[in-house]
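Novice: Need the 3D shape of this:
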Amino acid sequence: MSQPYVPPFLRGDVEGVPLLVSVWLRSLEEVEETVERWAADLGPEGFWWVPAPETNPIGGLVRHIGGASYRLLLRGTGQEVPEALRLRPAEEMAPSGREPQAVLAEFAEKMAQVKAGLRGLQPGDLERVVQLGQYQVKAIYLLDHIAAHAQHHAGQIIVTRKLWNAQTKR
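Specialist: Down below sits the predicted model:
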């Protein structure tokens, strides 16, 4: 008999990491599961469908979650973001037509790097002051924003998929 689904926020602590990092990791698990559930089975047409002007396709949202999460990790740990990864959100979320499985694999790779980076944090790392544009802020704020930002866009993926499902059933 299969085990009932337990949402990540009810799975408890992630062993071996500080409590706050555990919370972030569980939140990112939920994002990954949302992407898997709502995006992984789409073909290119649904993956890159744009429901209306000023909205984003699921594929672009998936790409942006992975890319932005990784950039926030780099900034939050005091590292430089490589030039090739310095994309504006609109550019990152624009339909590219890439094969969905390639985008999903890139997303999974970025999320694995983010989670590994979070697991490696030491308590003092959270207090480090980092630069983001014109702002100086403690690293904890950028690192916390990884999960909040990813959850925000994961919700957009759900809504976009429901719109796709509704328009294909007409």
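Novice: ranges for the helices of this protein?
Specialist: Per DSSP state H, the chain carries helices over the ranges 19-39, 44-47, 58-76, 89-93, 100-119, 139-168.
Novice: E83 is nearest to which of those helices?
Specialist: Each of the helices of the chain has some distance to E83 by C-beta to C-beta; the shortest is helix 58-76, at 11.9 Å. C-beta here means a position set from N, CA and C on the backbone, and glycine is covered the same way.
Novice: Which other helices and strands does that closest one contact?
Specialist: Packing contacts for helix 58-76, counted by 3 or more C-beta pairs under 8 Å, 6 or more residues apart in numbering; DSSP states H and E, involve helix 19-39, helix 44-47, helix 89-93, helix 100-119, strand 129-132, helix 139-168.
Novice: Show me what the longest one is packed up against.
Specialist: Contacting helix 139-168 under the criterion 3+ C-beta pairs under 8 Å, 6+ apart are the following elements: helix 19-39, helix 44-47, helix 58-76, helix 100-119, strand 129-132.
Novice: Same check on the first one?
Specialist: Where contact means 3+ C-beta pairs under 8 Å, 6+ apart, helix 19-39 is packed against helix 58-76, helix 100-119, helix 139-168.
Novice: doesn't G59 make contact with A94?
Specialist: No: A94 is not in contact with G59 according to C-beta atoms under 8 Å; the separation is 9.5 Å.
Novice: Pick out whichever of those two has more residues nearby.
Specialist: Applying other C-beta atoms under 10 Å to A94 and G59 shows that G59 carries more neighbours, namely 30 against 17.
Novice: do you know how far that one is from Q3?
Specialist: Summarising the geometry, the distance separating G59 from Q3, computed by C-beta to C-beta, to the nearest Å, is 31 Å.
Novice: With T77 instead?
Specialist: Looking at T77 against Q3, where the rule is C-beta to C-beta, the gap reads 35 Å.
Novice: ditto for G133
Specialist: G133 sits 45 Å away from Q3 when distances are taken as C-beta to C-beta.
Novice: which residue packs closest to L143, ignoring adjacent ones?
Specialist: The shortest distance from L143 to any non-neighbouring residue, by C-beta to C-beta, 6 or more residues apart in numbering, is to G76 (4.2 Å).
Novice: Excluding residues flanking it in the chain, which one is nearest D125?
Specialist: A139 (6.1 Å).
Novice: tell me the pLDDT at the one you found?
Specialist: For A139, the model assigns a pLDDT of 97.
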